[in-house]
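Colleague: Sequence plus the predicted model coming up.
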Amino acid sequence: MHNVVFVLGPPGSGKGTICAKIQENLGYVHLSAGDLLRAERQREGSEFGALIEQHIRNGSIVPVEITCALLENAMNNSGDAKGFLVDGFPRNEDNLQGWNKQMTGKALVQFVLFLSCPVPICIQRCLNRGQGRTDDNEESLKKRVETYNHQTFPIIEHFEKNGLVREVKSERSVEEIYADVVEVFNQTAKV
Ligand SMILES: Nc1ncnc2c1ncn2[C@@H]1O[C@H](COP(=O)(O)OP(=O)(O)OP(=O)(O)O)[C@@H](O)[C@H]1O
Ligand SMILES: Nc1ccn([C@@H]2O[C@H](COP(=O)(O)O)[C@@H](O)[C@H]2O)c(=O)n1
Ligand SMILES: [Mg+2]
């Protein structure tokens, strides 16, 4: 059984940054759904490359069968891990239902780390990121925020109703955020 922490928040809220620190210090393996999709988009011979790029540019969500298969493969190929930080998933109802269908009995969701941050700050962070992402532009960001507000936030609310959400405000320095995140892990997960 894989231990899983879902990490959610608006685009640019700092999910990848904080997950890297958790992986370094707390022994969880970081799996970013977006990174896995970008790698699959680049993989020679992938039948999904064009479809993934279309969704990424539009800020829309790739069908769960593709994303969940990438996540499950990555977990199975990671050897012994204390747990997995599943960053940027589940992003909509399709992701959630597909995960439940495919992963029930194989993964245990310990909690959901919700990095909350005002959208204008998130947008500015993405525009300054400088990694050459095809979706870090004003047009794609508008759509990504719309998708977050209409599809992802309701998923966070769903987990909140089940008592699984641990919110950490991420409009602060990485050090301040990370200190609160460590508290959350100490209280909730077996570290
Ligand atoms: N607390 C912070 N303060 C200032 N800048 C930050 C902070 N956390 C992350 N950043 C910067 O903001 C940008 C976005 O961070 P990051 O990639 O971690 O966000 P993300 O939530 O994974 O975004 P996305 O959803 O687009 O993948 C990066 O350039 C990162 O260095
Ligand atoms: N569960 C997911 C996660 C991501 N995507 C697509 O990738 C884009 C980038 O995601 P980041 O988390 O790296 O910002 C995102 O806008 C989606 O197009 C997805 O489809 N499903
Ligand atoms: Mg990210």
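Modeller: Sure thing, it's come through. Ligands and ions are numbered 1, 2, ... in the order given.

Colleague: Could you list the contact residues of the chain toward ligand 3?
Modeller: Contact residues (CB under 5 Å from the ion) of the chain with ligand 3: 15, 16. Where C-beta positions appear, they are placed from N, C-alpha and C, glycine not excepted.

Colleague: the strands in the chain, which residues?
Modeller: 2-8, 28-32, 83-87, 107-116, 165-169 (DSSP state E).

Colleague: which helices and strands sit right next to the longest one?
Modeller: Going back to what we said before, that points to strand 107-116. strand 2-8, helix 15-26, strand 83-87, helix 153-161, strand 165-169, helix 174-188 (3 or more CB pairs under 8 Å, 6 or more residues apart in numbering; DSSP states H and E).

Colleague: Those into TSV, with extra columns for mean neighbour count and mean pLDDT?
Modeller: Listed next are these as TSV, based on neighbours: other CB atoms under 10 Å; pLDDT from 0 to 100:
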stretch	mean neighbour count	mean pLDDT
strand 2-8	22	97
helix 15-26	18	97
strand 83-87	24	97
helix 153-161	14	98
strand 165-169	18	98
helix 174-188	15	96
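
Colleague: want to try TSV for these, with distance to ligand 2 as columns?
Modeller: Compiled in TSV, the helices and strands packed on strand 107-116 are given as follows (distance: least, CB to the nearest ligand atom, whole Å):
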stretch	distance to ligand 2
strand 2-8	9
helix 15-26	7
strand 83-87	7
helix 153-161	10
strand 165-169	17
helix 174-188	17
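
Colleague: The ones you listed: which one's closest to residue 125?
Modeller: Nearest to residue 125 among the helices and strands packed on strand 107-116 is helix 15-26; the distance by CB to CB comes to 9.4 Å.

Colleague: Does the closest one reach ligand 1?
Modeller: Yes: under the criterion of CB under 6 Å from any ligand atom, ligand 1 is reached by helix 15-26 at 15, 16, 17.

Colleague: Same question for stretch 148-161.
Modeller: No: Stretch 148-161 stays clear of ligand 1 (CB under 6 Å from any ligand atom), getting no nearer than 8.6 Å.

Colleague: Can you name the residues of the protein sitting close to ligand 1?
Modeller: Residues of the chain lying near ligand 1 (CB under 6 Å from any ligand atom): 9, 11-17, 34, 88, 125-126, 129, 170, 173-174, 177.

Colleague: Having no further points to raise, I will conclude here.
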